[in-house]
Each structure stands twice: as structure tokens, then as C-alpha cells.
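*Asks:* Return a 3D structure for these sequence lines:
(one chain, ligands or ions: 2)
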Amino acid sequence: MINTSYKTNIYRTKTVALLLVCLMFSVSIYAQDVQNTFIPQPESVVYASGGFKLDENTKVFIPKKFSKALAPMVSSTLTSDTGLSLTVNAGRTSASKNVIVFEKVKNASIEAEGYVLEVNASKITVKATDYAGLFNGFQTLRQAIPAGSNGSTAIPSLIITDNPRFHWRGVLFDVSRHFQTKAFILKQLDVLASYKINKFHWHLTDDQGWRIEIKKYPNLTQKGAWRADRTGIAWWSREHATADEPKTVGGFYTQEDIKEVIAYAAARNIEVIPEIDVPGHSKALVASYPELFCFDGETDANFELATGGKAPDNAVCAGKETTYAFLEDVIKEVAELFPSKYIHIGGDECNKTNWKKCPHCQKVMTDYNLADEEELQSHFIQKVNKIVTAQNKLMIGWDEILSGKGAKGATIMAWRRGRHTPELQAPREGYPTIMTSYLHSYISRVQGPTFMEPEGPNSVLPLSVVYNHEPIPAELTAKEASRVLGNQTCLWAEFTPTEEHFEYMLYPRTLASAEVSWSDPKVKNWERFQNALKSDHFKRLERDNVNYANSMFTVYPAFAIDQLNTEAIVFLKTETVGFSIYYTLDGSDPTINAIKYEGDFKTKPKTLLKAGLFNEAGELLGEITEIRLK
Ligand code: ACM
Ligand code: ZN
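*Replies:* Ligands and ions are numbered 1, 2, ... in the order given. Have a look, this model is predicted:
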């Protein structure tokens, strides 16, 4: 009953508000009433009273130089955001009423990718020194248009000055463990770009699938892109495939597909960085070309792709010259295809057991006086680095490439923060470093209590941890810190067999990461961010058919039972701020008429606890947590 009348009230309030807006369209918007819900939070936002009325007569002007890429995007996004079809013109205008003007300027206070956005009653101006800045300014303008607009709409007057903290604001997609279609990737690029993510790290190869067409080596995709079907079997318990089993799971991108993705991304200020993961994580490669494996002829190695789990025998031979000739050919094709100045060559988690027994690897170690297999890995990485630099590219590697003698000239992705200290070592040793901490940025980890989330690794990375991460360690000097290029989340895809699930893992945590990577820490605020999601961005994601998680509203339970088994003490927790937990102990679903959680409490063991998070209006925000206290 209470719920129903509450809904009716809201409905009435909404109807009255709508009528008022319709009747009083030109009436001022009061600056103090406007909520700042931008993500990532800009450097400075100053509201003024009144606003700009966006309607079907509003005209858009884009500098000629940028209009080919920007105009179609501005036109189509404004239509999908508001339903309006606006005229978008290339060039300047002398009109000063009802126009949106993009301007390329020379302004020392606007940095690369930065912009100034000004909205007043007659005009909207986006100023930047480069294409990226105009694109980013437009994304902020889109967020200034009220979510749910349909037709004419009022945009509050404001001035936003904004510059990025980092120029590397990345997201990794692992398309090897589970393939994602080109259409899905294009859709994600739109979403990511709208939050000013500017690097798409494409993890194209791994033990479970090689995903990029290489013309010179067709087996890589004829064989290497397809594995035996183990759907429904736990990732870590999957049986190896046999040679005569059908291989039906997988897919790959043709070079034409890849060009299309790169162009689509570039128009959205996103650089695509390919990763070819060697010398480990190469089961799909050695299964396709077994001659690159350490042992020739008779071997009990299984030359089928991994179906899941770990893959033994997945390293390429570091001793054979044919390995390097092969990689040179592959890297040449990759370099031609991708305009990025970077090629990521992996270098992580290489199982060196075979290298210890391999005559080719051991001979190279003797010839080059290498102390151990770690130094052989450096030898391998340095040779690959030469291949990469010969293509006028810079090599990126995971932080394992620091081991042995390191890899001069490389850029490091520091992922093992907490287990090792690459986030200190790499910048201290002079390496440009991208922070990809598995503790803070591996969004393949589940985002709420494991028993309430879809299947994933048994490890939790809540939204607030991603948001509160500070990529630059306090221990670094200013000079060392200046080597940190930025921050990146990684979505490893072992547990995301469907695109829907993949999206669920991406959002909203990449929005948190976008704010970490873009915004000055001084303007970051978790409470503001979570409210901006709830009041605004979740609506935008729904509008764009993006499947996001609302796990930040889940109540985390913890309990302990005394030795005599007479009492359970219960603790409840939420990562959000400003909401209340209500719970029941009688099996009924909690509402705001249930017991309010004010701190830990005692009850009988075996009780069924149900708890939920509610806002002031009495609305249940997330899912109900249900747990038997035993
Ligand atoms: C990694 O997670 N192996 C880079
Ligand atoms: Zn070998």
C-alpha cells in the first residue's frame, strides 16, 4: 500500500513539474538549483542563471578542418540524445543567436585535449586547441543536456574550463578468452569516448584464441582463432582439446575490420593499441605454428588451443632464430595496420619450464652468457624491442619485462602492485609507466559480494576502490612521477562469455576510472560521483542500451557465531554514502518499515537475514542481500 501511494505521489509531482517546464520554458534556470553531475568531473564548473534553449532551429558550426570527422558525429549524437535534427555546418558564423559554435583557438591555458565550454542564453561555444579538445568539450556539452530530453530542451548557463590530468586514460579488452564482435566494440568505443577514455588496449592474442588476421601466417586465424567448446564447464577445470574434436568457439578480426575500428576510434579521440602477447600466453600461436615451440619432432605437448584455465607449454621458443623472424613478420603487419606509435608485446607470466630443458634456449644462454631464464626473457624482449623500434614504434610490456636486464626504451604497464612494486621500480628506473594495478583496476574481478554477482574470479573490486585509487604512489619524487603516463582498467574475459556480461563488468567502473584518469584529485569526490551515477548517468546508460551494474548499492553482510552457537553478531556495510540499510530477520523482504541498521547487532544463528539499501524517498536502490546466518 505504502509503496503504491508513494509511486502515485511521485507520478503527480512529475506531471506537475512537466507542466511547469512546458508553460515556463523561457523562465530562468536558477544556478543554485543545478546539480553538477559531470563525469569525469571537470577542472572548474561555474553556473550562471538562465540557460540556452536547444531547439530544432539551433545551428551548429564546426571548423572546416575538423568537420569531416566531427560533424556527422555531432549531428547523430545530438539526434539520439534529444530527438532533434540540427543543421551542422562546416566553417565559421557571424550569427550570435541560437548557435553552437566549435572554435579552434590558440590559448595557452587550454592544454592538449582540454577545452572551454561556455553556455549562455544566446550561444554555446566549445573552444579547444585541437580536435581532441573539441571532441571532449562536446562530450561535456552532451552531459549538460538534461538526461531524458526529447525535443527542445534547456541547458543551464555555465562556463567549464577543463584539462586532463593524464593523457593515457585507458581500458583493456581481452578478446581472446571470449571473442567480442566488431559491432560490440564500436558500441563500447562510443560509450568510453563519452567519458573521455582515450586509449583502447586491444588484447588480441592469448592461449585461448588469436584474434587478428595476419596475411603471411593464415594458420593464426584458421586454426588459432577457434577452440573446442567447453561452455558451461568451470574455466579452471576444462579438459584439453584433442586434435580431432570440432573447434567451434571463437572468431577473429580481418584487417579490414581492424581498420574500421581504428578509424571509428580515432574520430572519437581514442587510440587503439594492439597487444600481441609473447613469449608466454602463446598457446594459440604455438598450436598454429608448432615449429615455434621449444621441442621439435616427437613431443607429448598438446598442440591445440587452450579451452580455458592455464595452458602449459604456451611459451614460444626464445632460442630459435625462426621465432624472431616470425615475430618480425607479424609485427611488421601489425605496425602497418595500427597508426598508434605503440605496440604492446605482452611479456607477462611466461612459464619458463620448457626453456630450462630446451637445447635452443640453453645454447642462446651459453652464447650470450645469460645467467638464468629471467635473463633469457630479457634477451627475448630486447630482440623484440629491436623489431618493434625498426618499425618506428615504441614497445610496451607488462612489468615482468623489468626482470633480468630490463628493456631499455620500453614503456611499462605496472600491474603487479601489491605483490611486487613495479609502480615504483618502473618510474624510478626511468621507464614511462602506465598504472594498471590489478588491485585497483582489474575490473574482471567481481564488483559486489561474490554470492550475489555473476560468476567471476573469487576476488572483489568494488566501484569505490576503483574510484578512490590514486595511480601515482606517494613515494615517488616529482621527477619520477612525471614518468607516469596515466591509468588504465583491464577487463580480462575468462568469466564474461556474453557481451551483456562484459558490459556489466565495464560499467560503471570504467566511469570511475575515467574520473581517476582525467580529473584533478582535488575535484574528485566519491559522494558526488555516486550521486551523479544514480541521478543522471545510469539513465544515460539505459537510454543507450548499455547494461551496467548497480552493485554499488548492494549491502555487504558479515557475521560471526559464538563458540556455544547461541548468538550471531552481524555487521552490514555499504560502499555508498547518504543512504540507509534496512533489514528483516523473519524472511520478509525489507522496506523502510523494516529494522533500520544502526550498527552491529545480535540475533540467533541460522536466522535468514535480508537487507537492502534505501534512499530518503524509500526506494530500494540495489538488490536485496539474503543470507542464512550459519
Ligand atoms: C596480466 O594480468 N597477466 C598482465
Ligand atoms: Zn626453446
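*Asks:* Next, count neighbours for residue 66.
*Replies:* 18 (other CB atoms under 10 Å). Yep, even glycine has a C-beta here, placed from its N, CA and C like the rest.
*Asks:* Could you pull out the strands in the stretch 1-150 of the chain for me?
*Replies:* 44-54, 59-62, 87-90, 99-104, 115-119, 123-128 (DSSP state E, counting those that start in this stretch).
*Asks:* Mind putting those into JSON lines with mean pLDDT and mean neighbour count?
*Replies:* Formatted as JSON lines, the strands of the stretch 1-150 of the chain follow (pLDDT from 0 to 100; neighbours: other CB atoms under 10 Å):
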{"stretch": "strand 44-54", "mean pLDDT": "96", "mean neighbour count": "18"}
{"stretch": "strand 59-62", "mean pLDDT": "98", "mean neighbour count": "22"}
{"stretch": "strand 87-90", "mean pLDDT": "96", "mean neighbour count": "16"}
{"stretch": "strand 99-104", "mean pLDDT": "98", "mean neighbour count": "21"}
{"stretch": "strand 115-119", "mean pLDDT": "98", "mean neighbour count": "24"}
{"stretch": "strand 123-128", "mean pLDDT": "98", "mean neighbour count": "22"}
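*Asks:* got JSON lines for those, with distance to ligand 1 too?
*Replies:* Formatted as JSON lines, those follow (distance: least, CB to the nearest ligand atom, whole Å):
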{"stretch": "strand 44-54", "distance to ligand 1": "37"}
{"stretch": "strand 59-62", "distance to ligand 1": "40"}
{"stretch": "strand 87-90", "distance to ligand 1": "42"}
{"stretch": "strand 99-104", "distance to ligand 1": "39"}
{"stretch": "strand 115-119", "distance to ligand 1": "33"}
{"stretch": "strand 123-128", "distance to ligand 1": "34"}
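*Asks:* Once you drop chain neighbours, what's closest to the residue in the stretch 501-630 of the chain that ligand 2 sits nearest to?
*Replies:* Distance from ligand 2 to each residue of the stretch 501-630 of the chain (CB to the ion) is smallest for residue 502, at 35.3 Å. Using CB to CB, 6 or more residues apart in numbering and skipping the chain neighbours, the partner closest in space to residue 502 is residue 496 (4.3 Å).
*Asks:* Let me know the pLDDT of that neighbour.
*Replies:* Among the per-residue scores, residue 496 holds a pLDDT of 97.
*Asks:* how about the residue of the stretch 501-630 of the chain closest to ligand 2, secondary structure?
*Replies:* Following DSSP: H, G, I helix; E, B strand; the rest coil, we place residue 502 in the helix state.
*Asks:* That one against residue 492, yeah?
*Replies:* No - counting by CB atoms under 8 Å, residue 502 does not reach residue 492; the two are 10.7 Å apart.
*Asks:* how about the residues of the protein near ligand 2?
*Replies:* Contact residues, the chain versus ligand 2 (CB under 5 Å from the ion): 294, 317, 319, 358, 360, 361.
*Asks:* Quick check: ChimeraX command selecting the buried ones in those residues.
*Replies:* Here is the ChimeraX command that picks out the buried ones among these, judged by 16 or more other CB atoms under 10 Å:
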select :294,317,319,358,360,361
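*Asks:* Could you find which two of the residues of the chain next to ligand 2 are furthest from each other?
*Replies:* The widest separation within the residues of the chain next to ligand 2, taken as CB to CB, falls between 294 and 319 and amounts to 7.4 Å.
*Asks:* Name the residues contacting each of these two.
*Replies:* Jointly contacting residue 294 and residue 319 under the rule CB atoms under 8 Å, 6 or more residues apart in numbering are 355, 358, 360, 361.
*Asks:* Surely the third one is in a helix?
*Replies:* Yes - with three-state DSSP as the criterion, residue 360 is part of a helix.
*Asks:* need the contact list for it.
*Replies:* Here residue 360 is in contact with 294, 317, 318, 319, 320 (CB under 8 Å, 6+ apart).
*Asks:* where does the first one fall, phi/psi-wise?
*Replies:* Read that as residue 294. phi -60, psi -40 (degrees, to the nearest 10).
*Asks:* ok now do the nearest residue to it once chain neighbours are set aside, which residues does it touch?
*Replies:* Excluding its sequence neighbours, the residue lying closest to residue 294 (CB to CB, 6+ apart) is residue 358, at 3.6 Å. Counting by CB under 8 Å, 6+ apart, residue 358 touches 294, 295, 317, 319.
*Asks:* could you measure residue 358 against residue 296, distance?
*Replies:* 10 Å (CB to CB, to the nearest Å).
*Asks:* can you check residue 164 too?
*Replies:* 51 Å.
*Asks:* So the two - more neighbours on which side?
*Replies:* When neighbours are counted by other CB under 10 Å, residue 164 comes out ahead of the other of residue 164 and residue 296, with 23 against 13.
*Asks:* Checking the more buried one next. Helix, strand or coil?
*Replies:* coil.
*Asks:* ok, now which ones touch it?
*Replies:* Contact analysis of residue 164 by CB under 8 Å, 6+ apart lists 111, 113, 114, 136, 196, 517, 518.
*Asks:* what pLDDT does it get?
*Replies:* For residue 164, the model assigns a pLDDT of 98.
*Asks:* again with residue 79
*Replies:* 97.
*Asks:* and it, how many neighbours?
*Replies:* 12.
*Asks:* State the distance from it to ligand 2.
*Replies:* To ligand 2, residue 79 is 57 Å away according to CB to the ion, to the nearest Å.
*Asks:* how about that residue, what does it touch?
*Replies:* 85, 86.
*Asks:* now with 7 Å?
*Replies:* The neighbours of residue 79, taking CB atoms under 7 Å, 6 or more residues apart in numbering as the test, are residue 85.
*Asks:* What of residue 82?
*Replies:* By CB under 7 Å, 6+ apart, the residues touching residue 82 are 54, 145, 149, 150, 151, 153.
*Asks:* Name the SS class of residue 530, please.
*Replies:* Residue 530 is classified as helix under three-state DSSP.
*Asks:* typo on my end, residue 559
*Replies:* strand.
*Asks:* quick one on the thing from earlier: most widely separated two among the contacts of residue 358?
*Replies:* The widest separation within these (CB to CB) is 11.1 Å, between 295 and 319.
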